[in-house]
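Peer 1: Just the structure for this:
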Amino acid sequence: MKVEYINPFVMASFSVLEMVLGHKPTKGQLSMRPNVFTSQQCNVITGVAGKVEGQVIYGMSLMTADKVASTMLGQPIRTFDQLAASAIAELGNMITGNAMAHLSEAGYVCDITPPTIVRGSNVKISTLAIPAVVIPICMEQGQLELTVSLQER
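Peer 2: Next up, the predicted model:
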């Protein structure tokens with residue numbers, strides 16, 4: 001996978017998270033996976049179609065999702081309900097939309113699908129033959145696992 005596909009999502013993640021959460025996150029150790037697999041309990045999945053295609057997953061624990069949603073909504077979230085899910089889905093949408101602007105500037109015009117929330121542990125999502133790059137992003141609220149699985153069409 002080309003770094004030109006990954007960097008827009010990393011830049012967008014840092015920019016949006018800093019804006020929404022009020023502090024600058026840090027990046028963990030990048031890793032590769034032969035296909036998409038997440039051990040996170042709460043995952044926002046967005047599809048990318050166009051000159052570049054595939055999936056991007058923003059995964060986190062339910063505790064982290066509650067804390068992020070609480071910060072975004074300005075009120076405490078005690079259980080991951082519909083309001084919290086909406087906030088977390090919107091976070092994924094904001095990051096992906098921002099990344100699409102960066103990809104477009106690089107000549108890769110793409111569209112995105114509406115975000116989907118998938119909850120549960122050890123979720124496996126098939127990306128057929130597209131490998132995945134995983135970038136842990138550390139925030140005050142916990143860790144976000146950014147999984148990018150894209151290829152040029």
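Peer 1: The protein: helices as residue ranges?
Peer 2: Remark: helices assigned in the chain by DSSP state H are 3-21, 62-73, 82-105.
Peer 1: what helices or strands is the first one leaning on?
Peer 2: If you count contacts as 3 or more CB pairs under 8 Å, 6 or more residues apart in numbering; DSSP states H and E, helix 3-21 packs onto strand 52-60, helix 62-73, helix 82-105, strand 132-139, strand 142-152. For every residue, glycine as well, the C-beta is placed using N, CA and C.
Peer 1: re earlier: nearest to Gly54, of the helices of the chain?
Peer 2: For the helices of the chain, distance to Gly54 was read as CB to CB. The smallest value, 8.2 Å, belongs to helix 3-21.
Peer 1: which other residues reach that closest one?
Peer 2: The set of residues external to helix 3-21 that reach it, using CB atoms under 8 Å, 6 or more residues apart in numbering, is 24-25, 27, 52, 56, 58, 68, 71-72, 91, 94-103, 106, 108, 133, 135, 137, 139-141, 144, 146, 148, 150-152.
Peer 1: filter these to the buried ones?
Peer 2: Neighbour counting over the contacts of helix 3-21 (16 or more other CB atoms under 10 Å) leaves 25, 52, 56, 58, 68, 71-72, 91, 94-96, 98-100, 102-103, 108, 133, 135, 137, 139, 141, 144, 146, 148, 150-151 as the buried ones.
Peer 1: worst-scoring helix or strand of the chain, pLDDT-wise?
Peer 2: strand 37-38 (a mean of 68; mean pLDDT, DSSP states H and E).
Peer 1: Now do the contacts for the most centrally placed residue in the chain.
Peer 2: The C-alpha lying nearest the average C-alpha coordinate of the chain belongs to Tyr58 (CA atoms, centre = their mean; 2.7 Å). Tyr58 makes contacts with 13, 43-44, 88, 91-92, 95, 144-147, as judged by CB under 8 Å, 6+ apart.
Peer 1: Just name the closest of the residues you listed to Thr79, please.
Peer 2: Using CB to CB, the shortest approach to Thr79 within the contacts of Tyr58 belongs to Ile88, at 13.3 Å.
Peer 1: right, so of the helices of the chain, which gets closest to Ala129?
Peer 2: helix 3-21 (15.3 Å).
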